[in-house]
Structures are given as C-alpha cells and as structure tokens.
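J.: starting from these lines, generate the structure:
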Amino acid sequence: MKKRILIREKLVLIFLLLGVIVEFVISAFYYYNAKEALLERTHNQLSSVRIEKQYRVEKFFADRKRDLKIITISPNLISIFEDLRNPYFNGNIKNKFDSFYSEFLQYFINEEINYEKILLVADTNSISFLKNKNTLFLSKDLVLYEGIVDKILKDKQIHFEDLKQIDNKSLLILGAPVIKQDSVLGVFIVVLSVDALNRILLDNNPNYRMGESGETYLVGKDFLMRSTSRFLNNSELEIEVKTNGVNRALYGKTGFDVFPDYRGIEVLSSYSPLRIDGLDWAILSEIDLEEAMIPIYSIRNRIILISLLIALVIFVFSFYVAGKISDPIVKINKAANNVAVGNYSTILSVNRTDELGELSDSFNKMTKQIEIQTKEIIKERQFGLKAMIEGQEIERQRLSREIHDGLGQTLIAMKLKLENMSNCRDKEVNSDYEHLINLIDTTIQETRNIINNLSPSILKEFGLIKTLAKLSLEIQKQMGINILFDGEKMCEEISDYSKVFIFRIIQEGLSNIVKHADAKEVSIQLFFEQEELILTIEDNGKGFDYKTYLYDMIPKNGLINIKERVSLLNGKFDINSKIGIGTIITIRIPKENLLYGKD
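T.: Modelled structure (predicted):
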C-alpha cells in the first residue's frame, strides 16, 4: 500500500530541505574559506620560518668563507706555513701557533661555530689542533682530507665539503688555500660539528609557532639528512628522505605542498634549495597536517553544532509556517469530503485575506449552490418517482378492478354454468368434467392472487398488520419458508399512502428472499422507537458481498425499488450481509413523514 504523505509533512520537508541546503552551502563555503585561509597562513608561517632559517644557514657558511679569507691572509699564519715548508723544520712550532691562536685565530674559530679540529696542511708537514684536548701535534693521517685538499690546491679557492661521518661524528670540512705572492703555501682546514647547524635548525623560538610537530631540516643530494631530526636521534646521514618536497627542492624549485614526510605522516611543507657553493642541499620547514588543522577541526565542530541548532530552528519555523499554509487546505479537503458524501451544509471558517481565504469563500458559495441544486434535483426526482409509483398503484387498482369485474366474473359464470349442467352429463365425461371444474377453481384463485398483488384490498379492510401477516403466511405455505412476523398495532395509525409503501417494501423484500437467498427462516419486525418507524427483514440465507454486488452487472431492481420507496418517505436504508450467514435489511423512517391521519 502506497504511503500517504500529508501536505503539512511535505511542506515541512521542503522548507527543512531548502534551509538545510542553504545552511550546508553557507557552512561549506565558510569552512573551505577558513581552511584555505588557515592553509595560507600556515604556508606563510612555514615559509617565513624556512626563509629565516635558510638565511641563517647560508649566512653561517658565508661567514665561515669570509673568516677563512681573513685568516688565510694573516702574516702569522703565512709565517707558520713557511716554517712547515722549511726543509729544516724540527717540529717546534707550538709557541708560534699558540701566539697566533690567542692573538688572532680565536676570534674567528671559537665555541660559537662548534669547531672540532684545525689542520694546517703543507707539502711535507701537517699539524692538527684539537679543540677538546687543546693540543697541537704533527698529523700524518690526511686520508680523510685528501679530497678537499686536492680541490683547494687545484682551484686555489675556498671549498666546503659535504657532511661526513668521522669517528661516529657528523662533521663539516671547510678549507682555504694559504697564498703568498701567487704561490700556494698550503691549505688551512677547519672541521666543524653539525651541532652548529642544528643550533640554527632546531631553534624552537615561540614566535615561529611551529607547535609540537614543526621542524626544519636539511637534506643532501643523496636524499640523506644533513641535520638532526626533531623526532629521530642520530638521523644525520642515516635517515633517507625521498619526499615530493625534497625532489622539487633538489631540482631548484621553491614551493609549498602537502605530502607524507620521512615518517609517513601527512605534513604541510615549505621547501627550497640552499644557495651554498659546493653543497647541493635542500631545506624544508614542516608541520603535521593534523596539528595544523586543529583550528579547522574546531571550526568544523562549531559549524556542525550551529548547523544542528539552525536546523532545529528551521524545523520549528517550517512546522509553524507549514501549519499556517496547510491547515486551511486540510479544512477545505475535509469539507470537500463531507460534500462528496452528501453533507452539503458544510461551512468553512478560514479567516484569511489571501488566496486561501478567497478559496474558502468560493467553496462556501459553491457548497451552498450545490445544496440548493441538490435539494431541487432530489425534490424533482422524488416528485417524479412519487408520481410514477402513485401512477403504478392507480394502474394496479384499475387492472385489479377490470380483472375482478371482467375476467373474474366471467370465470365464476363459467363455473356456475358448468355446475348447472352437472345433471345432464354422461358418466363417460364425468372425469373430464371434474378436471375442468378444478382448473376453473385454480384459475379463479390465481386471478384473486393477482388482484391482491396488484391492489391488496384487504389492506383497507383489515389493516397493515393483518395484511402483512397474511402475506407472510401465504409465502410460508407456498415456499416452505418459516416466516416470523411481528408488528406493533401503532403502525395502523399511519396514512394509507404510507401503508402501501410499507407493504410494497416488505413484499419486495420477501420476493428477493424467495428468488435469491435460499433461506429457511425469515424474521420481519415492524415497530416504533422514539421518533422513528423501524422495519427489519432478516434471513439466514446464503448472503452476499454488498460492495461487490453494487458493481456487478446483474439486475438489482428489487433493492433499487426498496431504496426508492424508502427515499420517498425520507427514510434511511441499511443492509448488512455476510456470505454463508445471511442478510439483514434495516429501514428507519421518521414519524413526521408517515402522515398520521391523512390519506
């Protein structure tokens, strides 16, 4: 069965749907704008941190390059290298180096740059100065530094060598040629700890707003880290970082994107290549996407809460507005249904000045007009039906008289004539004579039955109750049906006109039972109750489905005749029938329509 949706429910759904759609569009617009704004702010923030730290890293190397230039032109350092190159060098150079270090070198090579070792490499002799031991000694193991020494001697330029693992330490090697009058005396090398860079990259200044997951790190062209990870220990030259940001930065591109980092976690990343001679490095500043999106998640939750509240307000408002719109329509629909079942006195009361108010007024005018026209039609129909039935009764009386005066008298005369001839009949024709007399008697009785059916004269002679009792008894004898009739004497007080109608109704009812019901017992009751005459005709026949019966293409003259006669008396007709159980016909006629004391 198709579910019925009320117009109020439809209006509520439409208003709510429209409100939710508008709310969703606005919320989505606000959410995505806020998200874009947050991403833009995070982009700017990460880029600012990356640029600031990139500047500091590049400046760190630029400062070291400048320091090497200054140091390598120092007369004291040139003098030390000349001694190292002297074929008669006896290794006694400590005093000269200590003086050079204390008076000049310590202002450039100090704790701030985290140096580990200083090497002075000449052709035949080399010396090393270790920071942690503050000792100076002749060094013969130069294998780790041959690469940078060869480059410097070849190019006569300052060189930075990429990060190396030396004695389980990550170290940077910086070197510069010591030149006197275009002649290279040797190479001055400074070995720095990666901590110098980590101090810059791991600086977590609150102004950076990098949160719990923000970090800046360096990656070399071999995709290995060149600085310490904030999350993993001993990550230099150990952790491989092959992310989109690293690839782009090593290709010389600067940008901002979202991608998984070396831990496999989605991050917002600002990346760029470093501009340092001899080092192909990339710098990245990143923060976990989840942490960066915390404000957005908070905004999203607030949007959801506000949306639910707005949806509730929209629902209440739409329910109220839908009621205002649908209530008059529901009233009109209910009134239309009342009119459809014949209640033409229905009046709508809709106090509105809009189209629904106009519709209500038009509906009231229409029902009033329908009521007037229906009454006229019913009146005309009843008048015509009454005239037809009265005409039928007059015609029946005429036929009854003619049959009685004509055919009836002729049959009686024939019988008397035959009886007078009984003395002169032969014995041979005696049996035929008796048979003829019986046929004439039967014909006379049938003629009387026809006369009584056409116009029951006993109705006037003996009254309604006795006539109906006699009718019941005759049908019981003829058809073998047990008929119980019970009628009040007050029923005799109704007019002759009404008596004929009641007689014909019961007569038609019994005729239907005989023809169709196949009943064994029939009960007829006629009595007054309050202001109504009540007639019930009940049988225990085979019954039928009345709703189906109405639409069947079979004759229904019996029931139609009964209903028409009841309607002429302004009565009510009701039938209740069940298959296999029987049928009950109930008729109610107001007393005022029975015309007491009038013909």
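J.: going forward, measure contacts between C-alpha atoms and count neighbours the same way
T.: Fine.
J.: which strands or helices does whichever helix or strand residue 339 is part of pack on?
T.: Residue 339 belongs to helix 294-340 when assigned by DSSP states H and E. In this structure, helix 294-340 makes packing contacts with helix 7-72, helix 355-402, judged by 3 or more Cα pairs under 8 Å, 6 or more residues apart in numbering; DSSP states H and E.
J.: buried residues in stretch 220-230?
T.: Counting neighbours by 16 or more other Cα atoms under 10 Å, one finds that the buried residues in stretch 220-230 are 220, 221, 223, 224, 225, 226, 227, 228, 229.
J.: low-confidence ranges in the stretch 1-150 of the chain?
T.: Regions of the stretch 1-150 of the chain meeting the criterion pLDDT under 70 cover residues 1-4, 91, 111, 124, 131-141.
J.: now the strands for the stretch 101-250 of the chain?
T.: Applying DSSP state E, counting those that start in this stretch to the stretch 101-250 of the chain gives strands spanning 115-121, 126-130, 135-138, 159-166, 169-180, 183-193, 215-220.
J.: present the ones you listed as TSV; the columns should include distance to residue 71.
T.: Conversion of those to TSV gives the following (distance: least, Cα to Cα, whole Å):
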stretch	distance to residue 71
strand 115-121	12
strand 126-130	15
strand 135-138	18
strand 159-166	15
strand 169-180	9
strand 183-193	9
strand 215-220	28
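J.: and those strands: which comes nearest residue 72?
T.: Closest of those to residue 72 is strand 169-180, at 5.1 Å (criterion: Cα to Cα).
J.: extract the C-alpha trace of that closest one and format it as CSV.
T.: Presented in CSV, the C-alpha positions along strand 169-180 are these (Å, rounded to 0.1, in the frame of the first residue of the first chain):
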residue,chain,number,x,y,z
LYS,A,169,80.6,12.2,14.5
SER,A,170,78.9,14.1,11.7
LEU,A,171,81.4,16.8,10.6
LEU,A,172,81.7,19.6,8.1
ILE,A,173,85.1,20.3,6.5
LEU,A,174,85.9,23.8,5.3
GLY,A,175,89.2,24.6,3.7
ALA,A,176,91.0,27.6,2.1
PRO,A,177,94.4,28.0,0.3
VAL,A,178,97.2,29.9,2.1
ILE,A,179,98.8,32.0,-0.7
LYS,A,180,101.9,34.3,-0.7
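J.: list the buried residues for it?
T.: For strand 169-180, the neighbour count (16+ other Cα under 10 Å) marks 170, 171, 172, 173, 174, 175, 176, 177, 178, 179 as buried.
J.: residue 162: neighbour count?
T.: Neighbouring residues of residue 162 were enumerated by other Cα atoms under 10 Å; the total is 16.
J.: ok, now residue 278?
T.: Counted with other Cα under 10 Å, the neighbours of residue 278 add up to 11.
J.: with the one 3 residues further on instead?
T.: As a burial measure, the neighbour count of residue 281 was computed by other Cα under 10 Å and equals 24.
J.: contacts only, for it.
T.: Contacts for residue 281 were tallied using Cα atoms under 8 Å, 6 or more residues apart in numbering; they are 218, 219, 220, 221, 250, 273, 274.
J.: if we use 10 Å, what do you get?
T.: The neighbourhood of residue 281, defined by Cα atoms under 10 Å, 6 or more residues apart in numbering, consists of 162, 218-226, 246, 249-250, 252, 272-275.
J.: make TSV out of the helices and strands packed on helix 294-340 and add mean neighbour count and distance to residue 209.
T.: As requested, the helices and strands packed on helix 294-340 are exported to TSV (neighbours: other Cα atoms under 10 Å; distance: least, Cα to Cα, whole Å):
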stretch	mean neighbour count	distance to residue 209
helix 7-72	17	8
helix 355-402	15	63
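J.: for residue 256, find the nearest of those helices.
T.: With respect to residue 256, and counting by Cα to Cα, the nearest of the helices and strands packed on helix 294-340 is helix 7-72 at 6.6 Å.
J.: list the buried residues of the helix or strand following that closest one.
T.: Helices and strands here follow DSSP H and E; after helix 7-72, the next one along the chain is helix 75-85. Judged by neighbour count using 16+ other Cα under 10 Å, the buried positions of helix 75-85 are 76, 77, 78, 80, 81, 82, 83, 84, 85.
J.: just checking, residue 180 touches residue 78?
T.: Yes: here residue 180 lies in contact with residue 78, judged by Cα atoms under 10 Å, at a distance of 7.4 Å.
J.: so what's in contact with the two at the same time?
T.: Common neighbours of residue 180 and residue 78 are listed as 72, 186 (criterion: Cα under 10 Å, 6+ apart).
J.: so who does residue 211 touch?
T.: Taking Cα under 10 Å, 6+ apart as the definition, contacts of residue 211 comprise 204, 287, 288, 291, 292.
J.: ok, 8 Å please
T.: Contact criterion Cα under 8 Å, 6+ apart gives 287, 291 as the residues in contact with residue 211.
J.: and what of residue 489?
T.: Applying Cα under 8 Å, 6+ apart, one finds that residue 489 lies in contact with residue 465.
J.: for it, grab phi and psi.
T.: Residue 489 adopts backbone torsions of phi -70, psi -20, taken as degrees, to the nearest 10.
J.: equivalent analysis for residue 158, please.
T.: The phi/psi pair for residue 158 (degrees, to the nearest 10) reads phi -70, psi 140.
J.: what's the nearest residue to it if we skip its chain neighbours?
T.: Nearest-residue entry for residue 158: residue 176, 4.3 Å, with adjacent residues in sequence omitted and distances by Cα to Cα, 6 or more residues apart in numbering.
J.: how close does that neighbour sit to residue 101?
T.: Remark: distance between residue 176 and residue 101 (Cα to Cα, to the nearest Å) = 17 Å.
J.: next one: residue 149
T.: Counting by Cα to Cα, the gap between residue 149 and residue 101 amounts to 22 Å.
J.: looking at the two, which is more packed in?
T.: Here residue 149 and residue 101 are set side by side on neighbour count (other Cα under 10 Å), and the busier one is residue 149, at 23 against 16.
J.: which residues sit in contact with that one?
T.: Residue 149 makes contact with 175, 187, according to Cα under 8 Å, 6+ apart.
J.: where does residue 587 sit: helix, strand or coil?
T.: Secondary structure assignment for residue 587 (DSSP: H, G, I helix; E, B strand; the rest coil): strand.
J.: show me the contacts for it.
T.: With contacts taken as Cα under 8 Å, 6+ apart, residue 587 has the following neighbours: 534, 535, 536, 566, 571, 572, 573, 574.
J.: ranking by neighbours, what's the top pick from those residues?
T.: Each of the contacts of residue 587 was scored for neighbours by other Cα under 10 Å, and residue 535 scores highest at 21 neighbours.
J.: could you say which helix or strand holds it?
T.: When secondary structure is defined by DSSP H and E, residue 535 falls within strand 532-539.
J.: just residue 286 next, same as before
T.: With DSSP H and E as criterion, residue 286 is part of strand 281-288.
J.: tabulate the helices and strands packed on helix 294-340 (a markdown table), appending distance to residue 108.
T.: Compiled in a markdown table, the helices and strands packed on helix 294-340 are given as follows (distance: least, Cα to Cα, whole Å):
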| stretch | distance to residue 108 |
| --- | --- |
| helix 7-72 | 6 |
| helix 355-402 | 95 |
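J.: residue 487 against residue 533, yeah?
T.: No: with contact defined as Cα atoms under 8 Å, residue 487 and residue 533 do not form a contacting pair (10.8 Å).
J.: give me the common contacts of the two.
T.: Taking Cα under 8 Å, 6+ apart as the criterion, residue 487 and residue 533 both touch 526, 527.
J.: hang on, residue 259 packs against residue 268?
T.: Yes: judged on Cα under 8 Å, residue 259 makes contact with residue 268 at a distance of 6.9 Å.
J.: neighbour count for these two, which is higher?
T.: Neighbours per residue, other Cα under 10 Å: of residue 259 and residue 268, the larger number sits with residue 268, 26 against 17.
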